[in-house]
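Enquirer: The following comprises the amino acid sequence and a computationally predicted model.
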Amino acid sequence: MKRAAILAALLLIGASPAREVDGARLLADEAAPVLSAYRLFADTAGRVPAPGVVRYTLNTPLFSDHAEKFRYVWLPAGTSATYTPKGVLEFPVGTTIVKSFAYPADFRAPDKDIRIIETRLLVRRTAGWVPLSYVWNAAQTEAVLKRAGVRVPVAYVDAAGTAKQLDYAVPNINQCKQCHQQDGAAVPIGPTAGNLNGGLDGNGESQLATWAATGKLTGLPAAPPRLARWDDSAAPIADRARAYLDVNCGHCHSPAGFASNSGLYLQHDEPDPAHQGIGKRPVAAGRGSGGLLFAIAPGDPDASILVHRMASNEPGVMMPQFGRTVTHDEGVELVRAYVAELK
Amino acid sequence: MLKPALLLAAASLALQPAAARTITVQPGADAQERLQTALIDAKPGDRVQLAAGRFTLADGLSLDVANVTVAGAGADKTILDFTGQKGEGEGLLITSGDVLVRDLAVENAKGNGIKSKGSDGISFVNLRVEWTGGPKSTNGAYGVYPVSSKHVLIDNVYVKGASDAGIYVGQSSQIIVRNSKAEGNVAGIEIENSYNADVFDNVATGNTGGILVFDLPDLPQQGGHSIRLFKNQVIGNNHPNFAGVGNIVANVPPGTGVMVMANRDVHVFDNDIRDNGGNAVMLVAYQNKFTDKAYNPLPRGIAVRGNRYAGNGTAPAFPGGKEIAGALGGTLPPVMWDGVTGFTVPGGAAATADGGILVNDGPMVNLNLKTQGSPPTAARPELATSFAMQTLPEPPMVVLPAAQEARARGK
């Protein structure tokens, strides 16, 4: 609801005449030094998507230090994505996935005084997906390519009215690849059929159906899988928690991911209890084990390494290893509840 | 179709582009961004040269470009200082192949010192990885940490203070660890779930356990085999264990020289193993319950021969150790085997060891535990001067690609 209102307002402001996305620039070998070169946005502030740039939301998103995220996808004219039941949808060459990370000054008024920190792109070039990050200036008039990462101090007032500060970390390009790799090749993480199988902002028709109806998606079956919403209080705790773990941890903790050597696989549909972490002893956790014996001790969140590492902010202990600098208390609570009900 | 010679020429061109550059990075302001940028900008064939001095780093560094050399001015001259590290699980992470890291030091990484994941052709040469406050449970886990890698060379590396293993090679194959020293770590050198490793001419001293060869269940690569430990100095490894409980090395009793757990075809020979208060050499099965049907918890095809022992076994720290020592005249004999030769495949049938134990430099005490998972209280210690269940061919010598060795020998 609130986002729809923002968008409507922004569209009304809609400053410049709509220009086409520069697909050739996106596909060029050298990344553009500034984000505006791609013409993905109709305004200079990166808030109004250009024609053909489609906003989407996920049932269960990655936690990134409480940042608000604005997600978009652009497909070259006349192309469409192909449905796949598992993993990310098959996107055509030229596809660009756009994600802006932003903070309102005060989360009690989330639509006001929004500052975008960075806009990340995943561009499907002929040779594969390429990750890029553009960091916005203070005036919010341009974003410049940052390949080595940077720390950006961020201050905001949280939903409870408490002033917060954090040392937001823009990832370097290797960190982008670390999370986005499967079997050594970079891939998107969010836009799977299951995670898109819900309404935009949680309302209305499934985005899969919308994309299919607008020709952006082919091969959609009658009953595609659906990943639970992590914050859907009507859904079973286990479904919500495993969706949360899948999205927040499963990109590395998979047989083809960066943390494959751990043997801990956090896909929501991993069948083997030991690989899920249940009764699984640590392998190379080092001091990250926190003196605990099992990744998940069924029924005992306090004795579970997975909970311990999610609740930590200390490098060398915390999980994920990067992508957050503060703890996601609601996520930890959900996973605690899941572990508590395991037998 | 290209002729083989042309193919070879093309391949060598790809490996050594004519325009190979040296990118020099100085310490000082913005070292983090300048160094990380150099590691991103490097092209195959390039050398990232770190000048002498102390690089103060707030985040982990990473390299994902193949065939790059990252070199300092010496392990006492170029220091990557992670004392103020705010993020990431490693000091330096390498995810590409044909990489050589040499002549530098990594200090006080919050997680692991230097890690490679999935690298084919990874060399660590003339390095120091140290937690400068000495052994502490808050130190990072591993000093040098190649995992899921192939063609691994660790040569003249010094690691001190790791709260797990100083030199840790996991789920890798074709490995050489030589001329290195591990001191004041929980495990000095650990080879885990790995195939074909030669560990020789190293010094392991002042650790909780000197050199460990382990195999663990539920992992993508398991069934560790074909490991040779020889000509090492394994001396005075009596440090109290400071690993986090839960980690497998937390079970290593202080005073352990060499420990082999599970694995097939491990040969331990021609080492000097002295002044370790517990077992000079310990051969044991994995003791915990497991559900992995593909896992073999037994040490088998193990040979312990021609080692020189002195001053070991005077202060056994494991449960029942004093009693066993007492029954055998006050000190433990150099070699102890738990005597486990059978296990139950989870949900399946009984299985027995597919290879024996040979010890010709004992005496050895056999605890006769017989079945995997038996409690230590079931031990019926039995002394043997030598023990040979069968003859065992020595695993083949590990030979790394000549180009990798030549590059490591260069500057």
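Expert: Received the coordinates, thanks.
Enquirer: which residues does B:M336 bridge with?
Expert: B:M282, B:V365 (DSSP bridges).
Enquirer: need the contact list for residue 142.
Expert: Answering for chain A, as no chain was given. With contact set as Cβ atoms under 8 Å, 6 or more residues apart in numbering or on different chains, A:E142 has these partners: A:34-36, A:44, A:136. Every residue, glycine included, has its C-beta placed from N, CA and C.
Enquirer: if you could check chain B rather than the one you did, that'd help
Expert: Taking Cβ under 8 Å, 6+ apart, we find B:Y142 in contact with A:284, A:286, B:112-113, B:115, B:162, B:164-168.
Enquirer: what's the closest of the residues you listed to B:N241?
Expert: B:N241 lies nearest to B:D164 out of those, by Cβ to Cβ, at 10.6 Å.
Enquirer: Find the nearest non-adjacent residue to the residue of the stretch 1-150 of chain B found nearest chain A, please.
Expert: Here the residue of the stretch 1-150 of chain B nearest chain A is B:A141; by Cβ to the nearest Cβ that distance is 2.2 Å. Nearest residue to B:A141 in three dimensions, chain neighbours excluded: A:G286, at 2.2 Å (Cβ to Cβ, 6 or more residues apart in numbering or on different chains).
Enquirer: which strands and helices sit next to the helix or strand hosting B:G60?
Expert: Assigned by DSSP states H and E, B:G60 belongs to strand B:59-63. Contact here means 3 or more Cβ pairs under 8 Å, 6 or more residues apart in numbering or on different chains; DSSP states H and E; on that basis strand B:59-63 packs against helix A:173-180, helix B:31-41, strand B:87-94.
Enquirer: close to chain A, is the next helix or strand after that strand?
Expert: On the C-terminal side of strand B:59-63, the nearest following helix or strand under DSSP H and E is strand B:69-71. No: residues of strand B:69-71 are not located near chain A by Cβ under 8 Å from any Cβ of the partner chain, the shortest gap being 13.3 Å.
Enquirer: can you list the residues that contact strand B:69-71?
Expert: Residues contacting strand B:69-71 (Cβ under 8 Å, 6+ apart): B:39, B:46-50, B:63, B:92, B:99-104, B:407, B:411.
Enquirer: The stretch 251-400 of chain B against chain A: which residues are in contact?
Expert: So the stretch 251-400 of chain B meets chain A at B:288, B:291-292 (Cβ under 8 Å from any Cβ).
Enquirer: would you list every one of the helices in the stretch 301-411 of chain B?
Expert: B:321-327, B:402-409 (DSSP state H, counting those that start in this stretch).
Enquirer: Quick check: which of these is buried the most?
Expert: Comparing those by mean neighbour count (mean count of other Cβ atoms under 10 Å in any protein chain shown), helix B:321-327 ranks first with a mean of 16.
Enquirer: from the middle of its chain, how far away would it be?
Expert: A distance of 30 Å separates the centroid of the chain from that of helix B:321-327, by Cα atoms, centre = their mean, to the nearest Å.
Enquirer: Same check on stretch B:265-275?
Expert: 15 Å.
Enquirer: Compute the first-to-last residue distance for it.
Expert: 26 Å (Cα to Cα, to the nearest Å).
Enquirer: Thank you kindly, that will do.
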